[in-house]
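Participant: when you get a sec, could you give me coordinates for this:
(one chain, ligands or ions: 1)
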Amino acid sequence: MPSTPLHAEEEVSSLKERIAALGPWFHNMRLGGVQTAPDHFLGDYPQIKYERFSDALPQDLRGKTVLDIGCNGGFYSLEMKRRGAERVLGIDTDDHYLAQARFAAEVSEMDVEFRRMSVWELGGLNERFDLVIFMGVLYHLRHPLLALDLIHEHVARDLLLFQSMQRGSRSIAHVDPDYDFHADAHFDEPGYPKMHFVEHRYSHDETNWWVPNRACVEAMLRSSGFTICSQPEDEVYICRWKPVEVPPDGPHCVYPATGRGKA
Ligand SMILES: C[S@@+](CC[C@H](N)C(=O)[O-])C[C@H]1O[C@@H](n2cnc3c(N)ncnc32)[C@H](O)[C@@H]1O
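Facilitator: Numbers count the residues shown, from 1 in each chain. As a prediction, the model looks like this:
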């Protein structure tokens, strides 16, 4: 019967057309056997990265909730749904990527919610999640530490899966709890926490604002109230939420609940 193969061929060709119309894609996904970004400059991305740390995440997410901040084409959201997560919410500020994510979920027949929302609006979400994914977004923000504080204060309940581009030294210098005003040699140590400010562009991208070194990433996570449990891949951290101590000069952060969620 030639009708079945012909039908399948038509389906693949219509899928290819829809994928092309939604492009360009940053996430190379396999939708109905068709790759969305086969010529990605980082290779089979993010699949190749995911394979390096996926075993460090809970295999079984049944009954758990997941928030994927900066979800892009929805790769990680769909992977968490595949692990059985009860609810997955992916948020992003870019409608182009959100359309891709919704299409990917539809083709994969997965019930995942995608919403246009910024990390700055997390205070309005009024919901905490068992796993928060914050991969590849920190360095695209003008106020990166504020984003981590907001995640801690408003949406994280237990696990944080975090990734940032890093540049500079990979060493971690010992940092004393305090220094004399005239002591400044430690600032020049390569392993002292440092964040490089990009006034113009990095890698042809004007949204790359800050690029931390490894010591800085780890210090920022700790400072925002996340205990680093493991670093399964060079840039990837799995952290656990913990209560923050209120500094003597006032509350840790006092950000009003803003956004389109309930007040
Ligand atoms: C480099 S991509 C990372 C995508 C994905 N998380 C990953 O690791 O493959 C950065 C994503 O963050 C989104 N983004 C940028 N600023 C954001 C913001 N303020 N709030 C939420 N998402 C944001 C971008 O639209 C983009 O989809």
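Participant: which neighbouring elements make contact with the longest helix seen in the chain?
Facilitator: When secondary structure is assigned using DSSP state H, the longest helix within the chain turns out to be helix 3-22. Counting contacts by 3 or more CB pairs under 8 Å, 6 or more residues apart in numbering; DSSP states H and E, helix 3-22 is packed against strand 34-35, helix 95-107. Backbone N, C-alpha and C define where each C-beta goes, glycine included.
Participant: so residue 210 makes contact with residue 199?
Facilitator: No: applying CB atoms under 8 Å as the test, residue 210 and residue 199 come out as separate, 10.7 Å apart.
Participant: have a look at these two and say which one is more surrounded.
Facilitator: Between residue 210 and residue 199, residue 210 has the larger neighbour count (other CB atoms under 10 Å), namely 20 against 7.
Participant: need the contact list for that one.
Facilitator: With contact taken as CB atoms under 8 Å, 6 or more residues apart in numbering, residue 210 is in contact with 138, 139, 141, 142, 144, 195, 196, 197, 198.
Participant: for the third one, give me its contacts.
Facilitator: Taking CB under 8 Å, 6+ apart as the contact definition, residue 141 lies against 119, 147, 209, 210.
Participant: quick one: pLDDT of the last one?
Facilitator: What it means is residue 210. The predicted local distance difference test score for residue 210 is 98.
Participant: how about the residues of the stretch 101-250 of the chain near the ligand?
Facilitator: Contact residues of the stretch 101-250 of the chain with respect to the ligand, defined by CB under 6 Å from any ligand atom, are listed as 118, 119, 120, 135, 136, 137, 140, 141.
Participant: tally of neighbours for the second one?
Facilitator: Residue 119 is surrounded by 23 other residues when neighbours are defined as other CB under 10 Å.
Participant: list the contacts of it.
Facilitator: Under the criterion of CB under 8 Å, 6+ apart, the contact partners of residue 119 comprise 69, 70, 91, 137, 141, 147, 150, 151.
Participant: any chance of the residues you listed in JSON lines, with pLDDT too?
Facilitator: Formatted as JSON lines, the entries for the contacts of residue 119 read as follows, by pLDDT from 0 to 100:
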{"residue": "69", "pLDDT": "98"}
{"residue": "70", "pLDDT": "98"}
{"residue": "91", "pLDDT": "98"}
{"residue": "137", "pLDDT": "98"}
{"residue": "141", "pLDDT": "98"}
{"residue": "147", "pLDDT": "96"}
{"residue": "150", "pLDDT": "94"}
{"residue": "151", "pLDDT": "96"}
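Participant: the helices in the stretch 51-200 of the chain, which residues?
Facilitator: Using DSSP state H, counting those that start in this stretch, the helices found in the stretch 51-200 of the chain span residues 75-82, 95-107, 144-150.
Participant: which one of the ones you listed is the most hemmed in?
Facilitator: By mean neighbour count, with neighbours taken as mean count of other CB atoms under 10 Å, helix 75-82 ranks first of the helices of the stretch 51-200 of the chain at a mean of 23.
Participant: that'll do, ta.
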